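Q: below: sequence and its predicted model.
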Amino acid sequence: MTFSVHGIHAGYGRIPVVHDLGFEVAAGGYLGIVGANGAGKSTLLKALAGVVTPHAGTIRLGDEDFTGVPAWDRARRGLAFVPESRELFGELTVEEHLHAGCLRVRGRAKRAERIEFAYELFPVLRDLRRRAAGRLSGGQQQSLAVARAVVSQPRVLLLDEPSLGLSPIAVSGLVESLTRLARTADLAVVIAEQSLTVVRELCDDVLVLNLGREVERGPAAAVLTRTVIENAFL
Ligand SMILES: Nc1ncnc2c1ncn2[C@@H]1O[C@H](COP(=O)(O)OP(=O)(O)OP(=O)(O)O)[C@@H](O)[C@H]1O
């Protein structure tokens, strides 16, 4: 199953921010979206999640057309979005977040299996399962936000700047967990990231944006060259 995005134009109100963007990610694949602050990475992800309505373009997962489908229905159909702001509930515990994440998974045993899967991916969360999210560190909160998305058994996972504000050690832990996720799930992952290290370690393909437009797109090794990156981040 391939997640295919074509000709996306999106912005806020009438103001255009991203122009004619597209890519394909197969299940099991990781795509990185890189670019300077304000390049349009978050806007593209929001358009894919349905939080922002695209002005034009198509979004498909296999045979299913997601274009024009409301955000809640995209989520129901397996498109999970972890925004930069994480959107956790400070008073709820780690385990309560994971239960909430898998409300749509049928059957108590299956839900327990999904939560166990999340703890295997993010072992640090197991020890913290009774702790309120508001009392977790930034890295632990980020792990929880990704874990909550993963328990819903998504077919597409959209991650907005997962390494933002994390220490190098926390970033390594997150990269390790996301690498493990790729080996165990039938899932297409799209990661908007400022950290080229994270993108190099995780992503097969990369889309480089500058001022809302594609600068370059293709296999990570070919795209993440000095010239392309310098031009995009100037
Ligand atoms: N809610 C909004 N209303 C109006 N303009 C917005 C809004 N959010 C973002 N923008 C504008 O859209 C452009 C792209 O922003 P976006 O957040 O998509 O970039 P980004 O590449 O994700 O940046 P960063 O790496 O800083 O998060 C910027 O010029 C920004 O000012």
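A: Happy to help now that I have it. Numbering: from 1, shown residues only.
Q: okay, CA-based contacts and neighbour counts for the rest of this
A: Will do.
Q: need the contact list for the spatially most central residue of the chain.
A: Centroid-nearest residue in the chain, with Cα atoms, centre = their mean: L159, separated by 1.8 Å. Residues in contact with L159 (Cα atoms under 8 Å, 6 or more residues apart in numbering) are F81, V82, P83, E84, V146, V189, V190, I191, A192.
Q: one more pass at 10 Å, please.
A: By Cα atoms under 10 Å, 6 or more residues apart in numbering, L159 lies in contact with 32, 42, 45, 80-84, 86, 145-146, 149, 189-193.
Q: same question for V82.
A: 45-46, 49, 142, 145-150, 157-162, 191.
Q: from Q142, how far off is it?
A: According to Cα to Cα, to the nearest Å, V82 and Q142 sit 9 Å apart.
Q: what do the two both touch?
A: Applying Cα under 10 Å, 6+ apart, one finds that V82 and Q142 are jointly contacted by R148, E161, P162.
Q: now for the longest helix anywhere in the chain, which elements pack on it?
A: As assigned by DSSP state H, the longest helix anywhere in the chain is helix 168-184. On a contact count with 3 or more Cα pairs under 10 Å, 6 or more residues apart in numbering; DSSP states H and E, helix 168-184 meets strand 30-34, helix 108-121, helix 123-127, helix 138-151, strand 188-192, helix 196-202.
Q: please name whichever of those is nearest to G90.
A: helix 138-151 (9.9 Å; Cα to Cα).
Q: kindly export stretch 136-155 (C-alpha atoms) in CSV.
A: Extracted C-alpha coordinates of stretch 136-155, given in CSV (Å, rounded to 0.1, in the frame of the first residue of the first chain):
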residue,chain,number,x,y,z
LEU,A,136,7.4,13.9,32.1
SER,A,137,10.5,15.4,30.5
GLY,A,138,10.4,16.8,26.9
GLY,A,139,11.8,13.6,25.5
GLN,A,140,9.5,11.4,27.5
GLN,A,141,6.5,13.5,26.3
GLN,A,142,7.6,13.2,22.7
SER,A,143,8.0,9.4,23.1
LEU,A,144,4.4,9.3,24.6
ALA,A,145,3.0,11.4,21.7
VAL,A,146,4.5,9.0,19.1
ALA,A,147,3.5,5.9,21.2
ARG,A,148,-0.1,7.2,21.5
ALA,A,149,-0.2,7.5,17.7
VAL,A,150,1.3,4.1,17.1
VAL,A,151,-1.1,2.2,19.4
SER,A,152,-4.0,3.2,17.1
GLN,A,153,-2.4,0.9,14.5
PRO,A,154,-2.0,3.6,11.8
ARG,A,155,-1.2,2.9,8.2
